[in-house]
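**Student:** Please find the sequence and the predicted model below.
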Amino acid sequence: MTGGPAGDEGPGGDGARGGSSLFAGLVGQPRAADRLRAAAASPVHAYLLVGPPGTGKRSAARSFAAALLCPEGGCGRCGECRRALAGVHPDVVVRERTGASITVGDAREIGRLGSLSPVEGRRKVLVLIDFHLVEEAAPALLKAVEEPPATTVYVILAEHVPAELVTIASRCAVIEFSPVPTELLAAVLEAEGMEPAVAAAVAEASGGQPDRARLLAGDAGFVARRAAWRDLPDSLDGTGASAVVAAESLLAGLETVVEPLRARQAAELAELVERARLYGGRAGERKELEARHKREERRARTDELRFGLATLAGAYRDGLATARDPGPALAAIAAVTTANEDLARNPNVALLLQNLLVRLGRIGRADPARR
Ligand SMILES: [Zn+2]
């Protein structure tokens, strides 16, 4: 890790070209920020921003769009920058799926929009979100991306590059986003006024996703939930009854993690309604936002559950150090790991958790001192 959170953006040495302030909020992606800043000066026709969810691709794309439209390459203050950042610039088009994947119809519409001249600015920027799900729409999108007018810039966001996206990726400048190191994230949260111990715990629980860290930072129940997972081994006796009670309480905790998210989403929806009132909305925009909000909720629950399981495994791992017989703790860790893997298959979460807790109760703890 080089430098602190402030150091990532450099001392502002490229301030003359502009753009430094635009990317100042992009945590832990110094290489991506540098490349986007540089690209704004003489852009190619398509960019692919690739990286795990929650690593800042979306806000980076918005800043990049502003930099592309700004006469100074991204001052962050002029009308072009401000409108692009606020989501009201007519030459920044954001497209987001409403269904499980991108449709051929979506891709054709994107091609049509991309072929149009800018409404008022010198460029038109199309920001396409979640295009790792391009699936059968890939050929139509490829056609659009291959021959845009010189004034159009595509900014495509994807969590990874599946086979269907490979050819499109080869036509793009690829900019990678990676999970943010925990220490760096903790330092950022501390600099924002969070107590060091909580900042460290939140950063750790975020799995390197600044978006999730921010969510947890506004979540009053975080510390208690973490304690509940850590103390769980003590409350399990191997009976179905105790497992059901414990699982219900943990699942109730998953609902509280969604509350700060809902507050943020409500604000976002209100913004959209206000924007539509002032500038006239686009058909389908609200549906796209609501679909995204549902996905965010689902992801927040899954992330929290994964964090809970990791915390639980950690509790057993801690017991290993003092255990005379490491067998039970190792078996417990293996059971938790399996449950975590099973999560990917979209199981009935309550059942998965109950089964796991019964098993853990029967395995028992490795640490005799705690019994
Ligand atoms: Zn500007």
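**Tutor:** Received it, and whenever you're ready, just let me know what you need. Numbering: from 1, shown residues only.
**Student:** Output the contacting helices and strands for the strand or helix carrying Arg230.
**Tutor:** With secondary structure defined by DSSP states H and E, Arg230 is part of helix 222-231. If contacts are counted by 3 or more Cβ pairs under 8 Å, 6 or more residues apart in numbering; DSSP states H and E, helix 222-231 sits against helix 196-205, helix 240-279, helix 285-320. For glycine as for every other residue, the C-beta is placed from the backbone atoms N, C-alpha and C.
**Student:** Can you point out the buried residues in the second one?
**Tutor:** This means helix 240-279. Applying a neighbour-count criterion of 16 or more other Cβ atoms under 10 Å, one finds 243, 246-247, 250-251, 253-254, 257-258, 260-261, 265, 272, 275 buried in helix 240-279.
**Student:** sorry, back to before: how about the helices and strands packed on helix 222-231 in JSON lines, adding distance to the ion and mean pLDDT?
**Tutor:** Putting these into JSON lines (distance: least, Cβ to the ion, whole Å; pLDDT from 0 to 100) gives the following:
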{"stretch": "helix 196-205", "distance to the ion": "32", "mean pLDDT": "91"}
{"stretch": "helix 240-279", "distance to the ion": "19", "mean pLDDT": "89"}
{"stretch": "helix 285-320", "distance to the ion": "24", "mean pLDDT": "91"}
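**Student:** quick one: which of those is nearest Cys75?
**Tutor:** helix 240-279 (22.1 Å; Cβ to Cβ).
**Student:** How far away from the center of its chain is the closest one?
**Tutor:** 16 Å (Cα atoms, centre = their mean, to the nearest Å).
**Student:** Also stretch 297-311?
**Tutor:** For stretch 297-311, the distance to the chain centre is 13 Å (Cα atoms, centre = their mean).
**Student:** Using CSV, write out every CA atom in that stretch.
**Tutor:** Output of stretch 297-311 as CSV, limited to C-alpha atoms (Å, rounded to 0.1, in the frame of the first residue of the first chain):
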residue,chain,number,x,y,z
GLU,A,297,-31.1,-5.3,-1.2
ARG,A,298,-30.5,-8.9,-2.2
ARG,A,299,-26.8,-8.3,-2.3
ALA,A,300,-26.7,-6.5,1.0
ARG,A,301,-28.4,-9.6,2.7
THR,A,302,-26.0,-12.0,1.0
ASP,A,303,-22.9,-10.0,1.8
GLU,A,304,-24.0,-9.7,5.4
LEU,A,305,-24.7,-13.5,5.6
ARG,A,306,-21.3,-14.2,4.2
PHE,A,307,-19.7,-11.9,6.7
GLY,A,308,-21.6,-13.6,9.5
LEU,A,309,-20.4,-17.0,8.4
ALA,A,310,-16.8,-15.7,8.1
THR,A,311,-17.1,-14.2,11.6
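**Student:** For that stretch, buried residues please.
**Tutor:** Taking 16+ other Cβ under 10 Å as the criterion, stretch 297-311 shows Arg299, Ala300, Arg301, Asp303, Glu304, Leu305, Phe307, Gly308, Leu309, Ala310, Thr311 as buried.
**Student:** Residue numbers of this structure in contact with the ion?
**Tutor:** Cys70, Cys75, Cys78, Cys81 (Cβ under 5 Å from the ion).
**Student:** so who does the third one touch?
**Tutor:** Spelled out, it's Cys78. Cys70, Pro71, Glu72 (Cβ atoms under 8 Å, 6 or more residues apart in numbering).
**Student:** next one: the first one
**Tutor:** In this structure, Cys70 makes contact with Gly18, Ala40, Gly76, Cys78, Glu80, Cys81, Ala84, judged by Cβ under 8 Å, 6+ apart.
**Student:** Mind checking which of those residues are in helices?
**Tutor:** Among the contacts of Cys70, the members found in helices (DSSP state H) are Ala40, Glu80, Cys81, Ala84.
**Student:** pLDDT for those - can I get that in a markdown table?
**Tutor:** Formatted as a markdown table, the ones in helices among the contacts of Cys70 follow (pLDDT from 0 to 100):
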| residue | pLDDT |
| --- | --- |
| Ala40 | 93 |
| Glu80 | 94 |
| Cys81 | 94 |
| Ala84 | 93 |
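**Student:** of those, closest to Ala323?
**Tutor:** The nearest member of the ones in helices among the contacts of Cys70 to Ala323, counting by Cβ to Cβ, is Ala40 at 56.4 Å.
**Student:** Now do the closest one against Ala60, distance only.
**Tutor:** Ala40 sits 12 Å away from Ala60, going by Cβ to Cβ, to the nearest Å.
**Student:** need the strands for the stretch 101-250 of the chain, in chain order.
**Tutor:** 124-128, 152-158, 173-176 (DSSP state E, counting those that start in this stretch).
**Student:** Looking at the ones you listed, which is nearest to Ala323?
**Tutor:** Of all these, strand 173-176 comes closest under Cβ to Cβ, at 41.4 Å.
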